[in-house]
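Participant: predicted model and sequence below, questions to follow.
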Amino acid sequence: MSSESAAEQPDPISVAEALQRLDTRTLRDLVRRLWEERGWTLEDESSPDDGGVDLVFAREWPQHRRVLLRVRSFDANDHLNTADVQAFVRTVQREEVDIARIVTTTETPSSVEAKAREYGVDVMGPAALGTLLDRLGERAALAAHVDAPVITDTGTSLPAWVPDRLAAAADRLNLADRLERLLARYLPPDPTMADMAALSFTGHRIALVASALALLFLVPVGTQAVLFWVLMTAYLLVTYGALLPAMTADIYLRRQIRGEWVPSWWYLGAFIAVPLPLLAGALYWYRRRNHRPARNDVV
């Protein structure tokens, strides 16, 4: 009985092969699920005459953004071409969107991708789509559509320089996957410069505001040590939790621009203001340590 059930079990397939088995409507449902899982709200859906399905999503946080996706399914012998891109560009010109992206199930020739970038259009192929599926833990949804196990090698892992003991603890807590899933809600696996610029702006703005609030609340705290350390801990978590992804975005933008870069005043202000609560905390700790009241011994 068990041998018969094992024989009936379909062989595992790759993400790319599974995506090629999807028709456009099924791919649309999968893409819609992924984007809604990441916090986007579907505004509009249409079927253009030149094929595919257009989906317009919007998101209000961290700032109002609208994205237009054209979902196109191809078999293994077909792929996106320049005519498809030009047809999509005509649609983009009629919409007020911040991001225009074509989601396709087969690899796109580099020349077509280059032409798409000239028009301001991103192309998301099966590799990037598979990464997003893994980050959101939605590979099972793809397997359900194709009725076969889906395997992939896009799993997350910690960098090689992380100490073995720390890496083992992180593996037990599944921290790498948790971080990937968190980032996947706010960034695509193939980020555009607009995505990274928005992340940089938002992160530095949060750090600056958190630093200002920390100084505002730490000054009147005085000698209430417990409240001081609670405020300092909250400040560190919020500020550096915002600065880490923001600085990652800065590095990405710097490498992409490869030219003169003029940082915004939010950027400069964050780096100037962030150390101030730390200096205030160090001064407070030093004064409490060296100016303790003398103990009166009772004879």
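Facilitator: Nice, thanks for sending it over. Numbers count the residues shown, from 1 in each chain.

Participant: please identify the helix or strand for residue 56.
Facilitator: Using DSSP states H and E, the secondary-structure element containing residue 56 is strand 53-59.

Participant: now the residue most central in space within the chain: closest residue in space that isn't a chain neighbour?
Facilitator: With distances taken as C-alpha atoms, centre = their mean, the residue of the chain nearest its centroid is residue 187 (2.5 Å). Counting by C-beta to C-beta, 6 or more residues apart in numbering, residue 195 is the residue found nearest to residue 187 once chain neighbours are left out, at 5.9 Å. (Each C-beta comes from the backbone N, C-alpha and C, glycine too.)

Participant: the one you found: neighbouring residues, count only.
Facilitator: Residue crowding around residue 195 was assessed by other C-beta atoms under 10 Å; the count is 20.

Participant: report pLDDT for it.
Facilitator: With respect to pLDDT, residue 195 scores 74.

Participant: what sits closest to residue 121 if chain neighbours are left out?
Facilitator: Taking C-beta to C-beta, 6+ apart, and ignoring the residues beside it in sequence, residue 121 has residue 100 as its nearest neighbour in space, at 4.9 Å.

Participant: next, the one you found: secondary structure please.
Facilitator: Classification of residue 100 using DSSP: H, G, I helix; E, B strand; the rest coil returns strand.

Participant: what bridges to it?
Facilitator: With DSSP bridges applied, residue 100 shows beta-bridge pairing to residue 68.

Participant: thinking it is in contact with residue 120, fair?
Facilitator: Yes: because the distance of 6.3 Å satisfies C-beta atoms under 8 Å, residue 100 is recorded as touching residue 120.

Participant: so for the two, which residues contact both of them?
Facilitator: residue 92 (C-beta atoms under 8 Å, 6 or more residues apart in numbering).

Participant: tell me which of those two has more neighbours.
Facilitator: residue 100 (22 against 12).

Participant: so for the more buried one, what's the pLDDT?
Facilitator: In this prediction, residue 100 carries a pLDDT score of 91.

Participant: over to the one 5 residues further on?
Facilitator: For residue 105, the model assigns a pLDDT of 92.

Participant: what do you get for residue 225?
Facilitator: So residue 225 comes in at 65 (pLDDT).

Participant: which residues in this protein form strands?
Facilitator: Counting by DSSP state E, residue ranges of the strands within the chain are 13-14, 41-46, 53-59, 65-72, 99-104, 122-124, 150-151.

Participant: redo the ones you listed as CSV? Include distance to residue 134.
Facilitator: As requested, the strands of the chain are exported to CSV (distance: least, C-beta to C-beta, whole Å):
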stretch, distance to residue 134
strand 13-14, 13
strand 41-46, 23
strand 53-59, 21
strand 65-72, 19
strand 99-104, 16
strand 122-124, 14
strand 150-151, 10
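
Participant: related to what we said a few turns ago, and the pLDDT at the residue nearest to the centre of the chain?
Facilitator: The model reports residue 187 with a pLDDT of 70.

Participant: wait, it touches residue 200, no?
Facilitator: No: contact between residue 187 and residue 200 fails when scored by C-beta under 8 Å: they sit 11.7 Å apart.

Participant: and for residue 23, the neighbour number?
Facilitator: Counted with other C-beta under 10 Å, the neighbours of residue 23 add up to 10.

Participant: tell me how far it lies from residue 106.
Facilitator: 14 Å (C-beta to C-beta, to the nearest Å).

Participant: what do you get for residue 286?
Facilitator: Counting by C-beta to C-beta, the gap between residue 286 and residue 106 amounts to 63 Å.

Participant: which of those two has more neighbours?
Facilitator: Taking other C-beta under 10 Å, residue 286 and residue 106 do not tie; residue 106 has more neighbours (18 against 10).

Participant: what comes up buried for the top helix by length along the chain?
Facilitator: For the chain, the helix with the greatest residue count under DSSP state H is helix 225-257. Using 16 or more other C-beta atoms under 10 Å as the burial criterion, the residues of helix 225-257 that qualify are 228, 231-232, 235, 238-239, 242-243, 245-250, 252.

Participant: now stretch 109-126, how far from the centre of its chain.
Facilitator: Centroid separation for stretch 109-126 versus its chain: 20 Å, with C-alpha atoms, centre = their mean, to the nearest Å.

Participant: so what touches it?
Facilitator: Outside of stretch 109-126, the residues within contact range by C-beta under 8 Å, 6+ apart are 15-16, 19-20, 79-82, 85-86, 88-89, 92, 99-108, 188-190, 192.
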